[in-house]
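Chemist: coords please:
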Amino acid sequence: MLDSNPNWLAHCTEIKDLAKSLFQKSTIHLESAALLLITDGQTTLSINGHKEHIVFGHLIALESDAVIQLTNTNRLDFSGYLISFALYDTAMKLTRKWSINTMNGYYIQRVPETIIADIRMSLAKNIDPLHNTIKQFILYSLLKELQQEQSTDEYTLEERMEQTVIYMQKKYNQTMTRDELAAIAGYSPWYYSRKFIELYDKTPIAYLISYRIYRAQEMLLTTDDLSQNVAKKVGFDDVQHFSRQFKRIVGRPPKKFKKTVGEYRVCFLSPAHAEIAIALGVIPNCVTVTSSLTPKYQKNLFHEVGTTILEMPQYVIQQDIIVQQQPDLIIGVDLTEETKQHFQTIAPVITGLPYDLNSSIRYFGELFNKENEATQIIHELTTHVDVLKNKIQHHLVKNATVLYLRVEELGYRYVGESSSDSATLLYQELGLKMPESLRTNKNSFNICSLQQLVVANPTYLFIEKRIMDYYTADLSLATLQKSEQWKNLDAVKNKHVFYVDTGLWINNCSVFGKRKIMQQIEQSILDGVCPKTQ
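Modeler: All right, here's what the predicted structure looks like:
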């Protein structure tokens, strides 16, 4: 995958906070080769003009002159590092250009959690500027992972078959034959068909037809296209043949499918979206959750309605577990291209959904033919917010400010006014005021120093000790609470510090979760409930 030479030496020139760099300037033009390591959260970036959804654990290798851009400035909740380096040829005593043997000039892979943990520990023990030894350790730890990913030139039978599947996925709306697919694999048509059936339990053409029908289902659910237009777009010249195949695979003809989609086995990759479906009267077949981030009320809710809970590590989608559920439809917010392509071989996939709660409720109301129910839910939530707003406004002191601060392993971030549904609830719906000095980057989880916290000096302080499966923020919280800056804050002096939960406030401010959050806000501000720890 990467050009290498035993005489080449890589020298780390700089390690920068990726999120901070992109928040300051949404486009980065690299002057040297670099690695991007995502250490928390997820986001969508444009890399050399290609849209990529990246999550915790992703490592991206880039050539010099690569261009990185934030494609979606809504809800920016991620952390990572930009590690720039230069290559030297020690034999020739020359600098060399690092090249990546891919068409798009970059390469993405997953890095084990243990590697990220080691890098985090190295960064936690050192202050800026980093010592050269630490920078070299981080660089070579990651380059070693990339070297391990290099593939051989010899393809296995399974890899050859997979190449034909990828070809079908890319060209599914075009005419293709078994002989054409067999030629791509490098086998005779008869041998290719036999081995394909052994691996995929159906003939290559049957596989292609199923894939086309899955794409047709997505189009019917996400567009207003007529079924005859959809048929042509997915590769069927004969509309009647399309309808027969659709009914055989889906169980209903195209015209009835959209009206009854709520009756199918739907897998939700977001528990917040599963909440919305349940509130609308649609019972999810299964939902993926991260145990450490799932509030008790939510687990009880899923158990009560009979939804299967699929527990998975944070930022990891265990595809095989979902495949075992045999879903008729998979719904997720943002998926990596690799994950989306895998799921699209077993079911239609809906992704790229709205981020804010009310838009999501309306979206699912329309998807499941529950528009009236969606309108009613939004009305009830709005009424609940208005009641709480009136209570709070009569209680707050004049010019009171509120800050939502996240405590992470290596520092602190303040939550922008529009960066999450809970932040929108605090600042826009309830009308609470953020300290003026921090009213920038409304859509971001912004880095916050102790000095910035002192200048902001909020009247009320909501603290979220970041929950991650792979690290703890206990030391950062203890450091904060022992600092002189902390002791001098008005919120601390007046006992207006309230501890909130990542799983509820960030991940599940949904139909039922939002009500739970409003209860906590009311208890905090009106009743002064102030636990000493989270």
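Chemist: next up, the contacts around the closest residue to residue 213 other than its chain neighbours.
Modeler: With sequence-adjacent residues excluded and distances taken as C-beta to C-beta, 6 or more residues apart in numbering, residue 213 is closest to residue 249, at 4.7 Å. Bear in mind the C-beta positions are built from the backbone N, C-alpha and C, glycine included. Applying C-beta atoms under 8 Å, 6 or more residues apart in numbering, we find residue 249 in contact with 209, 210, 213.
Chemist: closest to residue 469 among those?
Modeler: Among the contacts of residue 249, residue 210 lies closest to residue 469 (C-beta to C-beta), at 35.3 Å.
Chemist: and the host helix or strand of that closest one, average pLDDT?
Modeler: Using DSSP states H and E, residue 210 falls within helix 204-222. For helix 204-222, the mean per-residue pLDDT is 95.
Chemist: now it: buried residues?
Modeler: 204, 207-221 (16 or more other C-beta atoms under 10 Å).
Chemist: what's the average pLDDT for stretch 392-405?
Modeler: 90.
Chemist: and it, how far out from the chain middle?
Modeler: 32 Å (C-alpha atoms, centre = their mean, to the nearest Å).
Chemist: likewise for stretch 181-201?
Modeler: 36 Å.
Chemist: span of it from start to end?
Modeler: The first residue of stretch 181-201 is 17 Å away from its last residue (C-alpha to C-alpha, to the nearest Å).
Chemist: buried ones in that stretch?
Modeler: Those would be 181, 182, 184, 185, 187, 189, 192, 193, 195, 196, for stretch 181-201 by 16+ other C-beta under 10 Å.
Chemist: so which of the residues you listed belong to strands?
Modeler: Taking DSSP state E, every one of those sits outside strands.
Chemist: for those residues, which one is nearest residue 328?
Modeler: Among the buried residues of stretch 181-201, and counting by C-beta to C-beta, the member closest to residue 328 is residue 196, at 24.0 Å.
Chemist: show the contacting residues for the closest residue to the closest one other than its chain neighbours.
Modeler: Leaving aside its chain neighbours, residue 196 sits nearest to residue 204 (5.0 Å; criterion: C-beta to C-beta, 6+ apart). Applying C-beta under 8 Å, 6+ apart to residue 204 gives the contacts 164, 168, 178, 181, 192, 193, 196.
Chemist: need the contact partners of whichever strand or helix holds the first one.
Modeler: Using DSSP H and E, residue 164 maps to helix 157-170. Contacts with helix 157-170, where a contact means C-beta under 8 Å, 6+ apart, come from 155, 176, 181-182, 184-187, 192, 195-196, 199-200, 204, 207-208, 211, 341, 344-345.
Chemist: just stretch 383-393 next, same as before
Modeler: 425, 429, 430, 431, 432, 515, 518, 521, 522, 525, 526.
Chemist: name the SS class of the fourth one, please.
Modeler: What it means is residue 431. Counting by DSSP: H, G, I helix; E, B strand; the rest coil, the backbone at residue 431 sits in coil.
Chemist: and what of the last one?
Modeler: Classification of residue 526 into helix, strand or coil gives helix, according to three-state DSSP.
Chemist: now the strands for the stretch 401-534 of the chain?
Modeler: Secondary structure of the stretch 401-534 of the chain (DSSP state E, counting those that start in this stretch): strands located at 402-408, 411-415, 445-447, 460-465, 497-500.
Chemist: next, the contact list for the nearest residue to residue 295 once chain neighbours are set aside, please.
Modeler: The spatial neighbour of residue 295 that comes closest, neighbours along the chain excluded (C-beta to C-beta, 6+ apart), is residue 504 at 5.0 Å. By C-beta under 8 Å, 6+ apart, the residues touching residue 504 are 295, 513, 516, 517.
Chemist: between these, which is closest to residue 366?
Modeler: The closest of the contacts of residue 504, once distances to residue 366 are taken by C-beta to C-beta, is residue 513, at 21.8 Å.
Chemist: follow-up on the earlier one: how about the helix holding residue 164: buried residues?
Modeler: So for helix 157-170, counting by 16+ other C-beta under 10 Å, buried means 161, 164, 165, 167, 168.
Chemist: from those residues, which single one is nearest residue 260?
Modeler: Looking across these and measuring by C-beta to C-beta, the closest to residue 260 is residue 168, at 28.2 Å.
Chemist: gap between residue 191 and residue 122?
Modeler: Separation of residue 191 from residue 122 (C-beta to C-beta, to the nearest Å) stands at 52 Å.
Chemist: same question, residue 225
Modeler: Distance from residue 225 to residue 122, by C-beta to C-beta: 53 Å.
Chemist: which one's more surrounded, those two?
Modeler: residue 122 (17 against 14; other C-beta atoms under 10 Å).
Chemist: name the nearest residue to that one, sequence neighbours excluded.
Modeler: Once flanking residues are discounted, residue 122 sits nearest to residue 134: 5.2 Å by C-beta to C-beta, 6+ apart.
Chemist: and the one you found, what pLDDT?
Modeler: 85.
Chemist: I'd guessed it sits against residue 119; true?
Modeler: No - with contact defined as C-beta atoms under 8 Å, residue 134 does not reach residue 119; the gap is 9.4 Å.
Chemist: more neighbours, those two?
Modeler: With neighbours defined as other C-beta under 10 Å, residue 134 and residue 119 compare such that residue 119 has more, 21 against 17.
Chemist: for whatever helix or strand that one lives in, packing partners?
Modeler: According to DSSP H and E, residue 119 maps onto helix 113-124. Packed against helix 113-124 by the contact rule (3 or more C-beta pairs under 8 Å, 6 or more residues apart in numbering; DSSP states H and E) you find strand 33-47, helix 132-148.
Chemist: what's the most distant pair in the contacts of residue 204?
Modeler: 168 and 193 (13.9 Å).
Chemist: so residue 516 versus residue 283, what's the distance?
Modeler: 21 Å.
Chemist: and residue 67, by the same measure?
Modeler: 45 Å.
Chemist: got the contact list for the helix holding residue 119?
Modeler: Under C-beta under 8 Å, 6+ apart, the answer for helix 113-124 is 37, 39, 56-57, 81, 130, 134, 137-138, 141-142, 145, 409-410, 469-471.
Chemist: swap the cut-off to 10 Å and go again
Modeler: The contact list for helix 113-124, computed with C-beta atoms under 10 Å, 6 or more residues apart in numbering, reads 15, 37-40, 56-57, 59, 81, 83, 111-112, 130-131, 133-135, 137-138, 141-142, 144-145, 313-316, 409-411, 468-471, 475-476.
Chemist: over to stretch 518-530?
Modeler: 381, 384-385, 387-389, 391-392, 394-396, 400, 402, 422, 425-426, 429-430, 432, 459-460, 462, 491, 494-501, 504-505, 509, 531.
Chemist: sitting in helices, which of these do you find?
Modeler: 381, 384, 385, 387, 388, 389, 391, 392, 422, 491, 504, 505 (DSSP state H).
Chemist: follow-up on the earlier one: among the buried residues of stretch 181-201, which lie within helices?
Modeler: 181, 182, 184, 185, 189, 192, 193, 195, 196.
Chemist: state the distance from the closest residue to the fourth one other than its chain neighbours to residue 183.
Modeler: Closest residue to residue 185 in three dimensions, ignoring its sequence neighbours and counting by C-beta to C-beta, 6+ apart: residue 160, at 4.4 Å. Note on residue 160: its distance to residue 183, by C-beta to C-beta, is 11 Å.
Chemist: equivalent analysis for residue 322, please.
Modeler: 33 Å.
Chemist: ditto for residue 171
Modeler: In this view, residue 171 and residue 183 are 14 Å apart by C-beta to C-beta.
Chemist: doesn't residue 318 make contact with residue 342?
Modeler: No - Residue 342 is not in contact with residue 318 according to C-beta atoms under 10 Å; the separation is 11.3 Å.
Chemist: when those two are compared, which one has more neighbours?
Modeler: Higher neighbour count among residue 342 and residue 318: residue 342, with 17 against 13, using other C-beta under 10 Å.
Chemist: kindly tell me how buried the nearest residue to that one once chain neighbours are set aside is, as a neighbour count.
Modeler: Distance criterion C-beta to C-beta, 6+ apart; nearest residue to residue 342, sequence neighbours excluded, is residue 319 at 5.4 Å. Residues near residue 319, counting by other C-beta under 10 Å, number 13.
Chemist: please consider this matter closed, and thank you.
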